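> Structural data only, the sequence is not supplied:
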């Protein structure tokens, strides 16, 4: 994972694109990420410094997940890309960005940048997220199909933190792993829910 991100970040910096700070930089990184061949297995072999035992509200993570009610769910993502927004007994609530098609994912992320606690996009940058904030404005309207409840006992890996300078890259990497349906059907259902 570090190689994927490091390579794209280095290429972007050489081109004068500072991650996350401008709309044109975000678009540049997203476009570059579309062409990257990345798998969950390759990403999870990242730098051990990225692994976390628990999530922090407002940070971005990847992890393997096996839902408790997978037999009754119409579909689910085995490798979510989430921003947790609330800790709850036995787990946490988060928005899994994989449930949105790329254009809507980008629109939601652009709106979420307004919730960052600083504009440095460094190791201290996180989003000031809560359900009430997300539900309060039409600029976040794409979040609803992404809200998921994750149980800690069903997490099947450590949490892989995606640094804030890499959010736009992770956003467009083809790492979703939907089970019982394909992403076209998932994205169609999400559009209908919005």
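Nice, I can see it. Since the structure is predicted, the reported quantities are computational estimates derived from the model, not experimental observations. Numbers count the residues shown, from 1 in each chain.
> Need the contact partners of the lowest-mean-pLDDT helix or strand in the chain.
Every helix and strand of the chain was ranked by mean pLDDT, DSSP states H and E. The lowest is helix 2-14, at a mean of 80. Helix 2-14 is contacted from outside by 18-19, 25, 28-29, 32-33, 36, 38, 42-43, 46-47, 50, 162-163, 165-166, 169-170, 173, using Cβ atoms under 8 Å, 6 or more residues apart in numbering. Any C-beta I mention is one placed from the backbone N, CA and C, and that applies to glycine too.
> same check, this time on stretch 177-194
By Cβ under 8 Å, 6+ apart, stretch 177-194 touches 40, 70, 73-79, 98-101, 104, 141-142, 144-146, 176.
> Now the least confident helix or strand of the chain: buried residues?
4-5, 8-9, 12 (16 or more other Cβ atoms under 10 Å).
> ok, the residue nearest to residue 34 when sequence neighbours are not counted - contacts?
The spatial neighbour of residue 34 that comes closest, neighbours along the chain excluded (Cβ to Cβ, 6 or more residues apart in numbering), is residue 172 at 5.2 Å. Contact analysis of residue 172 by Cβ under 8 Å, 6+ apart lists 29-31, 33-34, 102, 105-106.
> Tell me the most packed of those, by neighbour count.
residue 29 (25 neighbours; other Cβ atoms under 10 Å).
> Quickly list what the most centrally placed residue in the chain is bridged to.
What sits nearest the mean C-alpha location of the chain, by Cα atoms, centre = their mean, is residue 81, with 3.5 Å. For residue 81, the beta-bridge partners under DSSP bridges are residue 62.
> Where helices are concerned, which of the contacts of residue 172 count?
29-31, 33-34, 102, 105-106 (DSSP state H).
> Of the residues you listed, which is the nearest to residue 124?
Set against residue 124, the nearest of the ones in helices among the contacts of residue 172 by Cβ to Cβ is residue 29 (20.2 Å).
> Just list the residues touching residue 129, thanks.
Neighbours of residue 129 in contact, by Cβ under 8 Å, 6+ apart: 57-58, 83-85, 95, 112, 115.
> ok, 10 Å please
Counting by Cβ atoms under 10 Å, 6 or more residues apart in numbering, residue 129 makes contact with 57-59, 83-86, 93-95, 112, 115, 140, 143.
> Test my guess that residue 140 contacts residue 112.
Yes - Residue 140 is within contact range of residue 112, at 7.4 Å (criterion: Cβ atoms under 10 Å).
> Looking at these two now, which is surrounded by more residues?
Per other Cβ under 10 Å, whichever of residue 140 and residue 112 has more neighbours is residue 112, with 24 against 19.
> can you pull the contacts of the closest residue to that one other than its chain neighbours?
Closest residue in space to residue 112, ignoring its immediate chain neighbours: residue 127 at 5.7 Å, by Cβ to Cβ, 6+ apart. Residue 127 makes contact with 57-60, 83-85, 95, 109, 112-117, 133-134, 164, 167, according to Cβ under 10 Å, 6+ apart.
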